[in-house]
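**Q** need a 3D model of the following:
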Amino acid sequence: MDEPELKKELEEVDVQIERLRRETAEIREEIGQSWDAPTDMAERSTLLTNVEQQEALIDDLQLRREQILRRMKG
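**A** The predicted model follows:
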């Protein structure tokens, strides 16, 4: 891959990371606001699982971002 392609891929990864961070923050806020509400424990558990999965995706994307940066410097 040449540098313009790597820059484009880096931008795409950055956009994905930012989107996932926003979504994760929104889910955490939803969980926090409803913590005292009489909500279904299964639903709350699902939301927490979704947050954990999104955080794992963010970690993977950050590793991918670092790989791209290394290749650009390379």
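
**Q** quick one, what contacts residue 9?
**A** Shown in contact with residue 9 (C-beta atoms under 8 Å, 6 or more residues apart in numbering): 1, 68. To be clear about C-beta, it is placed using only N, CA and C from the backbone, and glycine gets the same treatment.

**Q** ok, then the element right after the helix or strand where it lies?
**A** Using DSSP states H and E, residue 9 falls within helix 3-33. Of the helices and strands lying after helix 3-33 in sequence (DSSP H and E), the nearest is helix 41-73.

**Q** coming back round to it: report the buried residues of the helix holding residue 9.
**A** For helix 3-33, the neighbour count (16 or more other C-beta atoms under 10 Å) marks 6, 9, 10, 13, 16, 17, 20, 24, 31 as buried.

**Q** in contact with the fourth one, which residues?
**A** With contacts defined as C-beta under 8 Å, 6+ apart, the neighbours of residue 13 are 61, 64, 65, 68.
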